[in-house]
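Colleague: generate coordinates for the sequence data below:
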Amino acid sequence: MDDLRRRFASLDHVRTPDLWDEIEQRAVALGSTRRLTPVPVPVMRSRGVPGRTALALLVAAGMLVGLTAGAIIVGSGSITSPSPSPSASVTSSSAREPSPSPARTPSVTIGRFVAAGSLVEGRAWHSALVLPDGRVLIVGGEGSHATHGGNGLDSIEVWDPIGGDFVASGEMERATYGDQHIGPHLFRMTDGRSLLVPTGCVCGPAPASTPAQVWDRISGAKPLKTLAVSRVAYTATQLADGRVLIAGGVPGLIGGALVSAEIWDPVAGTVEPTGALSVARADAAATLLTDGRILIVGGATRSDSGTFVKPVGEAEIWDPASGTFSTAFTHAFGPGGSPGGDLSLYAITLQDGRVLVLDGAGAHVWDPTSGTLSAVGAYREARREFSATLLADGRVLVAGGSHERTGDGRSSIGSTEIWDPSSLGFEPGPDLRQARAGHTATLLTDGRVLIVGGASAAGLALDALASAEVWEPAPRGDQ
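Modeller: Numbers count the residues shown, from 1 in each chain. I've put the predicted structure just below:
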């Protein structure tokens, strides 16, 4: 008996292999990616016998035998893995998986808004752009003022998604009043800098050939003297190669709508003429299609005296191969883009290549393949001066805005709506933390949406907001 005890005791001095590593390696070889976690098991010892090592060896050997046997049975086809039941995964009632289905993030419902800091200077009708490093560039707009006359801003700020702080980052150069009244068009250039194209305002004089500007975090904003714009209320749309199509607009406070268009190359600093619009228009909306062409919708004609005559009923497509415009479809969308105007107008290219057009009346979808335009519903709450943002999951977030003008002013809206391409309808979204109109809503690199500034009320006086908030998608059950 003493000899037997000595033999068992000697096992404690034998090096025991890392059996958990061995089990995980075999699991990976069999196609499992789930990491196994060892569960401590209390071990009872016989008097004088070291049972820990022996029992660990027995448990590990049993697991190896079971794992190997299971692999043999599954590989032989005797047991098949059941397909997941449709009810096994929680999906939004308004979301539909595209077919074929790529990998997607977990289904989301309406999401929620959280605070995201405060601007250095409150502003409305400004512009925003996501930078390559994930920060957000905030440019121009209009500050608060007590009387009619405006408070156009030249200042630039940058929001950091890590700290949630806004930091002043210089100013734009401005030649005449109104150049930054509703913020410039902003584009990311192929060399990493940001292009700022002044838009001006139809309520002021012509921008007097104000040059475009480039911005980077080191040098700030610097003018590009070879690229100058002498129009306002035009469309500016970036092509896949970084160039920009400038089309339509008006000369300023006085003068008829324009048909001319041109191509800017901000890196080369060149301007080239291209084909003219079929119909002169200002305050239109434009979007880059998935095939590289550009769709321009809506807007309005204007007489030489400066009076808008009627909405434009023809949508046009510009083809980069031929440099010409052609009619896409006919529908009179109202003009949009003017600060304090009655309408907002958006053209958004969806993930499936269709185009969602939003104006003050509701939503339409244009299918470039069939060439058909279809009405797809009205808003749950009538609104103007709202934001519309294509979300990472293919839906569109419509946020805030203002009610119909009453007297000398209009009140802002705190509700949001989400348009779903699968149901072709709007569903209620979460309420903003603060009602606002004339704000920006920018899709961040992580799928959230940054809402910045805007006006709580507007009329002869303007109360420009400094607050910001972020919409974040929340999995079902985590609202």
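
Colleague: count the residues that sit near Leu367.
Modeller: Quick fix: residue 367 is Asp, not Leu. 14 (other CB atoms under 10 Å). Using the backbone N, CA and C atoms, a C-beta is placed for each residue, glycine as well.

Colleague: quick one: contacts for the residue lying closest to it once chain neighbours are set aside?
Modeller: Computed as CB to CB, 6 or more residues apart in numbering, the closest residue to Asp367 that is not its neighbour in sequence is Arg354, at 5.2 Å. Neighbouring residues of Arg354 by CB atoms under 8 Å, 6 or more residues apart in numbering: Val365, Trp366, Asp367, Pro368, Pro421.

Colleague: mind showing which ranges of the stretch 151-300 of the chain have poor pLDDT?
Modeller: 174-181, 200-209 (pLDDT under 70).

Colleague: now do the helices in it.
Modeller: For the stretch 151-300 of the chain, no helices are identified by DSSP state H, counting those that start in this stretch.

Colleague: and the strands in it?
Modeller: Assigned by DSSP state E, counting those that start in this stretch, the strands in the stretch 151-300 of the chain fall at 155-160, 165-171, 185-188, 194-197, 210-216, 220-229, 235-238, 244-247, 261-265, 270-274, 285-288, 294-297, 300-302.

Colleague: quick check: which of those strands is nearest to Ser326?
Modeller: Taking CB to CB, strand 294-297 is the member of those nearest to Ser326, at 10.8 Å.

Colleague: sheet partners, orientation included, of that closest one?
Modeller: strand 285-288 (antiparallel), strand 314-319 (antiparallel) (DSSP bridges).

Colleague: what would those strands look like in TSV with distance to Thr237?
Modeller: Putting the strands paired with strand 294-297 into TSV (distance: least, CB to CB, whole Å) gives the following:
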stretch	distance to Thr237
strand 285-288	4
strand 314-319	8
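
Colleague: save those strands as TSV, and put in mean neighbour count and distance to Val452 too.
Modeller: Shown next, in TSV, are these (neighbours: other CB atoms under 10 Å; distance: least, CB to CB, whole Å):
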stretch	mean neighbour count	distance to Val452
strand 285-288	20	21
strand 314-319	21	30
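
Colleague: and of those, who's closest to Gly164?
Modeller: Nearest to Gly164, of all the strands paired with strand 294-297, is strand 285-288, at 30.5 Å by CB to CB.

Colleague: which among the contacts of Arg354 count as buried?
Modeller: Those of these that meet the buried threshold are Val365, Trp366, Pro368, Pro421, by 16 or more other CB atoms under 10 Å.

Colleague: wait, what's in contact with Ile156?
Modeller: Neighbour list for Ile156: Leu137, Ile138, Val139, Gly140, Ala168, Ser169, Gly170, Glu171, Met172, Trp215, Gly220, Ala221 [criterion: CB under 8 Å, 6+ apart].

Colleague: how does it look with 6 Å?
Modeller: If a contact means CB atoms under 6 Å, 6 or more residues apart in numbering, then Ile156 has Val139, Ser169, Gly170 as its contacts.

Colleague: and Gly249, by the same measure?
Modeller: Gly249 touches Arg231, Val232, Ala233, Tyr234, Leu258, Ala282, counting by CB under 6 Å, 6+ apart.

Colleague: now do stretch 442-450: distance from first to last residue.
Modeller: One end of stretch 442-450 to the other measures 5 Å (CA to CA, to the nearest Å).

Colleague: buried sites along it?
Modeller: For stretch 442-450, by 16+ other CB under 10 Å, it's Thr442, Leu443, Leu444, Arg448, Val449, Leu450.

Colleague: out of the contacts of Arg354, the closest to Leu119 would be?
Modeller: Pro421 (32.7 Å).

Colleague: before we move on, the earlier item: select only the buried ones of the contacts of Gly249 in PyMOL?
Modeller: To isolate the buried ones among those in PyMOL, judged by 16+ other CB under 10 Å, type:
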select buried, resi 231+232+233+234+258+282
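
Colleague: specify which member of the contacts of Gly249 is nearest to Thr324.
Modeller: The closest of these to Thr324 turns out to be Leu258 (CB to CB; 16.7 Å).

Colleague: tell me the spacing between that closest one and Arg281.
Modeller: Counting by CB to CB, to the nearest Å, the gap from Leu258 to Arg281 is 8 Å.

Colleague: shared neighbours, the two?
Modeller: Joint contacts of Leu258 and Arg281 (CB under 6 Å, 6+ apart) are Gly248.
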